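S.K.: Below is the sequence, then the predicted model.
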Amino acid sequence: MKKIFTSIVLALCISVSVLAQTTTINVQGQQHKVSAAVAARIQKVAKAVASTGIDFSKIERWAGEGDCKAALAIKWADGQNDGKTLVWGYRWKSSEKKTGEDLIRAVAKADPAFYVLAESGTSYGTAFGGFGYDINGNRHVTVTTPENEVYPRNGIVYVSSSEFDNCGATDIDNDAWNSGWNYGYWSYNVAEKAEDALGWSNTGASGRVLTDGCVDAWVFTSLSGGEPNEYDGNIKYLPATVDYTKGVYIVNEDWYGHRNSTVNFLSKDGTFVYDHVENLGVTACYGTFFGNRFYAISKQDGGYGRISVCDANSTRVIKQIKDIDGKDGRSFCGVDEHKAYVSTAGGIYTLDLDELTVGAAVKNADGGDAKLGECGNMVRLGDYVYATEYGKSLRIIDCNTDRIVATITAKVYSITMSKNGQLWVSTDKGISRVNTESRQLEEITLPSGISVPANSSFAWTPDGFCASLQNNVIYWTSTSGKNTPLIFKYDIDNNKFAKVVDLTNDPENRSIYGCSFRVDTKTDNLYLTAAVGYNNDYKVRRYNADGKQLAEYVMDDKEKNYWFPGMFVFPDTEDPIVGNIDAVTVEENKDVVVDLAKICSDADNFQAAIVKSVKSVADNNVATATVKDGKLVVTGVKAGNTTVELNFCSNGISTTATVNVKVTQATGITGTQTSADVREVARFTIDGKRINQPQRGINIVKYSDGTVKKVVVK
């Protein structure tokens with residue numbers, strides 16, 4: 001299939017300025033001159049039919065929710081998709097104001113087959129430079145730029161518009177694709193109702209306000225000659241697809257000795273997608289989204305890998321690592337966007353997230369072999385990762401040095417973070433709060449009727465010790481006899497315990513299998529797998545936070561090929577957002593500390609789990625800056641102005657913010673008291689400016705004996 005990589009994005013309107021042989025077209029606010037012949041072809045694109053021809057009742061592939069609807073129609077050039085215009089639907093609430101940009105973002109996020117090339121932050125909002133569609137469904141959805149292969153984040157790849165011409169679909173032989181800036185363009189055409197004819201949009205997608213029943217159509221036009229690619233009403237309504245941003249992934253151990261591990265997906269409407277990811281290795285025990293990837297950790301490689309790395313957008317396996325220093329895998333903890341820790345049956349190892357290679361083992365503080373036993377769950381907080389050495393201790397690792405700086409000796413089994421940023425561990429006695437300052441455990445007394453958390457005493461699993469992202473509550477599963485039928489919760493703010501799920505008298509004699517219990521990060525619903533012993537008979541049940549059952553989903557027995565469903569993993573679809581940071585004023589040779597705890601938020605992550613760091617300081621001769629335990633420390637060097645660029649990393653996705661810094665001249669203040677018999681020799685304002693007479697406000701007065709005093713002048 002012939003493909004064209006070049007186009008001009010968002011042809012918004014034809015300028016009224018017409019020269020003798022050329023016409024100026026306005027592309028996202030930037031003027032381009034084209035020949036009169038090309039201009040004539042451009043004008044035909046949206047005038048081929050008197051109506052969009054779109055029937056909303058026939059649209060099956062939808063994104064969003066609400067009572068209003070819009071259609072997105074895209075027609076690629078050169079007969080791609082058999083010359084048909086593909087159509088998606090978008091819904092939103094009437095109380096919301098949505099734009100053409102929101103429409104594209106929602107469809108790209110919900111449909112893993114659709115992907116977009118864009119530049120954000122232009123004077124006219126977001127420029128969309130290319131559209132792609134995975135025709136054969138092989139999930140190889142990436143864009144090749146002049147630098148490298150880029151994986152979309154929520155369906156979008158961001159580059160400079162100057163690179164639009166030089167980007168293409170990586171899987172070009174199997175995908176529809178057009179993109180560019182100077183030699184072709186995507187004309188942006190709109191209609192307020194489906195029965196209306198399309199017309200040029202006089203704004204970009206960011207400025208286009210959607211109305212109920214409207215249509216946004218994008219048609220690729222080449223400027224290299226030939227017949228125009230007209231919108232001709234030849235519509236193809238795409239069949240419904242699975243929205244992998246809404247639902248839950250299930251990492252299956254699968255039947256040891258018979259089949260390698262897999263991942264199933266349970267959609268929001270209760271539909272299972274079985275074997276969505278296959279061959280993860282033998283007995284996969286942990287899964288998580290981090291840094292626009294999905295990581296699955298398996299105990300053995302099974303010919304594939306102990307560490308499986310997937311693209312988060314498509315969940316396609318992109319690399320598998322077979323060996324972790326000969327150790328069986330356990331869990332994963334992202335340290336920052338470049339590094340993670342992987343725990344094993346014998347120690348903890350670094351994982352280079354850029355090169356996807358296993359590094360050295362975590363060492364003792366003196367650089368010696370830590371000689372760790374089986375390690376399990378891990379959590380990063382501040383400058384440290386807190387890792388469980390199963391049933392023996394809690395190890396505290398300095399993320400900068402990869403060395404253990406402290407050990408809390410106790411029978412610790414699992415660890416989790418609560419919404420308020422506190423760390424909690426399960427022990428042989430119950431639950432304890434981790435005092436991160438004293439590095440001691442503070443045991444919480446369990447009242448009568450509340451049992452200790454279950455632990456995986458037979459074969460390691462991440463267990464069911466977890467926390468709500470929406471409320472300051474932790475949960476755990478608990479055993480009764482040989483089974484695990486109970487779920488308890490602890491309301492931290494109100495110091496209240498409750499039993500929320502009890503399968504003790506389940507009519508089908510079901511109990512919770514292994515670690516298959518987690519809390520939905522968005523809805524706060526509880527998900528568990530109710531199993532009948534070790535039979536291949538599993539049902540996923542969903543409860544509200546108070547333990548009321550909301551739904552039950554029966555898993556296919558896969559022709560008696562046992563699933564042994566394990567860990568639930570919820571999609572990471574939101575990015576960190578940074579608020580305003582006030583400017584910092586600091587005196588020479590002094591420090592100013594700024595608490596960054598509430599500066600950045602992420603709907604998919606605890607605020608305390610967001611990693612803060614200094615990315616750069618514009619002028620280190622004026623000031624220096626570091627981040628310690630989530631606080632920015634700015635040190636004045638010499639009077640002047642500079643900026644500090646901060647990095648906020650949440651679930652491996654980063655954003656930045658700039659802080660303006662002003663350094664004032666040192667006043668030499670050494671005290672606030674002086675005797676009555678000394679004389680004034682100099683006077684300054686509070687910001688260090690020399691003055692000859694008292695000035696209203698706070699004055700800094702230097703006396704003949706060398707002392708300095710703050711004086712309030714009214």
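M.R.: Received the coordinates, thanks.

S.K.: The helix ranked longest in the chain - contacts with which helices or strands?
M.R.: Across the chain, the longest stretch assigned as helix under DSSP state H is helix 100-110. With contacts defined as 3 or more CB pairs under 8 Å, 6 or more residues apart in numbering; DSSP states H and E, helix 100-110 has these neighbours: strand 62-64, strand 68-75, strand 85-92, strand 114-122, strand 125-134. Every residue, glycine included, has its C-beta placed from N, CA and C.

S.K.: Tell me what angle it forms with strand 125-134.
M.R.: Per axes from the mean of the first three to the mean of the last three CA atoms, to 10 degrees, the angle that helix 100-110 makes with strand 125-134 is 30 degrees.

S.K.: Just the CA trace of helix 100-110, in PDB.
M.R.: Output in PDB follows, covering the C-alpha atoms of helix 100-110 (Å, rounded to 0.1, in the frame of the first residue of the first chain):
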ATOM      1  CA  GLY A 100     -12.100  19.400  18.700                       C
ATOM      2  CA  GLU A 101      -8.900  18.800  20.500                       C
ATOM      3  CA  ASP A 102     -10.800  17.000  23.300                       C
ATOM      4  CA  LEU A 103     -12.500  14.800  20.700                       C
ATOM      5  CA  ILE A 104      -9.200  13.700  19.100                       C
ATOM      6  CA  ARG A 105      -7.600  13.100  22.500                       C
ATOM      7  CA  ALA A 106     -10.600  11.000  23.800                       C
ATOM      8  CA  VAL A 107     -10.600   8.800  20.700                       C
ATOM      9  CA  ALA A 108      -6.900   8.300  20.700                       C
ATOM     10  CA  LYS A 109      -7.000   7.400  24.400                       C
ATOM     11  CA  ALA A 110      -9.800   4.900  24.100                       C
END
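
S.K.: for this protein, where's the lowest mean pLDDT among helices and strands?
M.R.: Lowest mean confidence among the helices and strands of the chain (mean pLDDT, DSSP states H and E): strand 11-18, at a mean of 35.

S.K.: so Asp352 touches Val342, yeah?
M.R.: No - judged on CB atoms under 8 Å, Asp352 makes no contact with Val342 at a distance of 11.0 Å.

S.K.: Find residues that contact each of these two.
M.R.: Val358 (CB atoms under 8 Å, 6 or more residues apart in numbering).

S.K.: Please identify which of those two sits among more neighbours.
M.R.: Counted by other CB atoms under 10 Å, Asp352 and Val342 do not tie: Val342 has more neighbours, with 27 against 12.

S.K.: what about that one, distance to Ile324?
M.R.: 6 Å (CB to CB, to the nearest Å).

S.K.: Between those two, which contacts overlap?
M.R.: Contacts common to Val342 and Ile324, judged by CB under 8 Å, 6+ apart, are Ile307, Tyr349, Val358.

S.K.: which of these has the most neighbours?
M.R.: Highest neighbour count within the shared contacts of Val342 and Ile324, by other CB under 10 Å: Ile307, with 26 neighbours.

S.K.: Report how many residues lie close to the closest residue in space to that one that isn't next to it in sequence.
M.R.: Once flanking residues are discounted, Ile307 sits nearest to Ile321: 4.0 Å by CB to CB, 6 or more residues apart in numbering. Neighbourhood size, Ile321 [other CB under 10 Å]: 20.

S.K.: now the strands for the stretch 551-700 of the chain?
M.R.: Applying DSSP state E, counting those that start in this stretch to the stretch 551-700 of the chain gives strands spanning 565-569, 577-578, 584-587, 591-595, 600-601, 611-617, 623-628, 631-636, 640-650, 653-664, 680-685, 690-691, 697-703.

S.K.: closest to Ala498 out of these?
M.R.: strand 565-569 (21.1 Å; CB to CB).

S.K.: quick one: strands adjacent to that closest one?
M.R.: Strands adjacent to strand 565-569 in the sheet, as given by DSSP bridges, are strand 247-252 (antiparallel).

S.K.: mean confidence score for the strand it pairs with?
M.R.: On average, the pLDDT along strand 247-252 is 97.

S.K.: quick one: the helix or strand following it to chain centroid distance?
M.R.: Where DSSP states H and E defines the elements, the next helix or strand beyond strand 247-252 is strand 262-267. In terms of CA atoms, centre = their mean, to the nearest Å, the centre of strand 262-267 is found 20 Å from the chain centre.

S.K.: Please put the alpha-carbon coordinates of strand 262-267 into PDB.
M.R.: Extracted C-alpha coordinates of strand 262-267, given in PDB (Å, rounded to 0.1, in the frame of the first residue of the first chain):
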ATOM      1  CA  THR A 262      -0.800 -14.700  30.600                       C
ATOM      2  CA  VAL A 263      -2.700 -11.500  31.200                       C
ATOM      3  CA  ASN A 264      -6.500 -11.200  30.800                       C
ATOM      4  CA  PHE A 265      -8.400  -8.000  30.600                       C
ATOM      5  CA  LEU A 266     -11.800  -7.400  32.100                       C
ATOM      6  CA  SER A 267     -13.600  -4.400  30.500                       C
END
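
S.K.: Share the number of residues neighbouring Met378, please.
M.R.: By other CB under 10 Å, 23 other residues sit near Met378.

S.K.: mind checking how far stretch 464-481 is from the chain centre?
M.R.: 23 Å.
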